[in-house]
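*Asks:* need a 3D model of the sequence below.
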Amino acid sequence: MINLNAGDARVVVDEKKGGRILQFTIGDFDLLVTPELDNHNHGLFPMAPWAGRVRFGKFSFEGVEYQLPCNKAPHAIHGTVRDQSWQVESSDATRVELTTALVNPWPFGGRVVQRIELSPTELVLTMEVHAADRAMPVSCGWHPWWHRDLVDDDPVELELHADQMYHRDGDGIPSGELVAIAPPPWDDCFTVVGNPMAILRWPNTGSLTIESDCADVVVYTEPELALCVEPQSGPPDSFNLDPQIVVPGDPLVIHATFRWSAGAEI
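*Replies:* Model (predicted):
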């Protein structure tokens with residue numbers, strides 16, 4: 001485990017289990033669902049070399065058809081690096097840099113770099129997806145499980161800054177069509193996002209402002225314990241919609257900042 005500390009803020013990273021942030025704590029508040037509450041859906045994990053679902057695990061690139069393992073049947077979901085061990089490249093009290101290779105079942109090779117930086121009120125994340133010796137399609141992002149209730153009877157409220165959402169078809173995956181934002185519940189991808197892209201408010205406790213240069217954000221409101229607001233470089237199934245391509249020496253790079261403000265008047 002890697003422990004970062006800055007003032008009253010603390011982050012715990014498990015580099016052996018997917019480079020996942022297990023805890024993001026400020027003072028007495030665990031902002032993320034902890035493993036003790038849900039041993040599967042907890043913390044904040046990186047998604048690469050794809051984010052969200054790939055329809056039936058299938059896509060084509062440069063005239064070749066590829067099949068990924070369908071780890072959430074009938075689709076492939078959330079990439080491979082959340083299931084891998086990461087290597088610590090450098091670290092100090094407030095910062096760590098991790099890397100992992102992209103290996104089978106990903107057919108193109110490559111590597112992913114993740115930087116995690118902590119200050120007393122901010123968690124700043126950077127991810128880079130690098131090609132090896134040939135071009136490849138990629139998408140990436142982060143999947144946090146934010147606590148719905150930091151204290152009793154103080155449920156989170158979501159302020160989402162986006163202009164449109166992707167229509168989800170019968171497979172529960174974006175069809176590519178953009179539509180007006182429908183009311184929740186959501187397990188949907190939103191685009192034309194603002195900066196910040198979202199604010200989470202616990203009315204009696206404080207707020208978390210989410211800023212990112214990602215083009216899209218997936219919001220998942222259905223879990224009982226958590227609210228997921230997931231910055232992503234592209235929508236789910238982007239390999240079959242409008243894939244981003246990286247080539248050797250020119251990685252895909254994304255950033256996200258999670259900024260905490262205490263108090264009820266935020």
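
*Asks:* next, the buried residues of stretch 123-142.
*Replies:* Buried residues in stretch 123-142, defined by neighbour count with 16 or more other Cβ atoms under 10 Å: 123-125, 127-131, 136-142. Yep, even glycine has a C-beta here, placed from its N, CA and C like the rest.

*Asks:* same check on stretch 65-80?
*Replies:* Residues 66, 68, 70, 75-80 are the ones in stretch 65-80 that count as buried (16+ other Cβ under 10 Å).

*Asks:* just grab the bridge partners of the residue nearest to Phe108 when sequence neighbours are not counted for me.
*Replies:* In space, and not counting its chain neighbours, Phe108 is closest to Met136: 3.8 Å by Cβ to Cβ, 6 or more residues apart in numbering. Counting by DSSP bridges, Met136 is bridged to Val246.

*Asks:* picking up where we left off before, in helices, which of the buried residues of stretch 65-80 appear?
*Replies:* If you go by DSSP state H, these have nothing in helices.

*Asks:* what's the farthest-apart pair in these?
*Replies:* Tyr66 and His78 (16.9 Å; Cβ to Cβ).

*Asks:* from the buried residues of stretch 65-80, which is closest to Ile199?
*Replies:* Using Cβ to Cβ, the buried residues of stretch 65-80 come closest to Ile199 at His78, 24.7 Å.

*Asks:* list the residues that contact the closest one.
*Replies:* 45, 47, 50-52, 71-72, 143 (Cβ atoms under 8 Å, 6 or more residues apart in numbering).

*Asks:* kindly state the pLDDT recorded for Gly263?
*Replies:* For Gly263, the model assigns a pLDDT of 82.

*Asks:* hang on, the earlier thing: can I get the buried part of the contacts of His78 as one ChimeraX selection?
*Replies:* Those of the contacts of His78 that count as buried under 16+ other Cβ under 10 Å are selected in ChimeraX with:
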select :45,47,50,51,52,143
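
*Asks:* redo the contacts of His78 as TSV? Include secondary structure.
*Replies:* Output for the contacts of His78, formatted as TSV (DSSP: H, G, I helix; E, B strand; the rest coil):
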residue	secondary structure
Phe45	strand
Met47	strand
Trp50	coil
Ala51	coil
Gly52	coil
Asn71	coil
Lys72	strand
His143	strand
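
*Asks:* you'd agree Asp133 is up against Arg111?
*Replies:* No. Assessed by Cβ atoms under 8 Å, Asp133 is found out of contact with Arg111, at 11.8 Å.

*Asks:* look up how far Met165 lies from Glu230.
*Replies:* Distance, Glu230 to Met165, using Cβ to Cβ, to the nearest Å: 14 Å.

*Asks:* next one: Val113
*Replies:* Using Cβ to Cβ, Val113 is found at 30 Å from Met165.

*Asks:* what about those two, which has more around it?
*Replies:* Met165 (24 against 18; other Cβ atoms under 10 Å).
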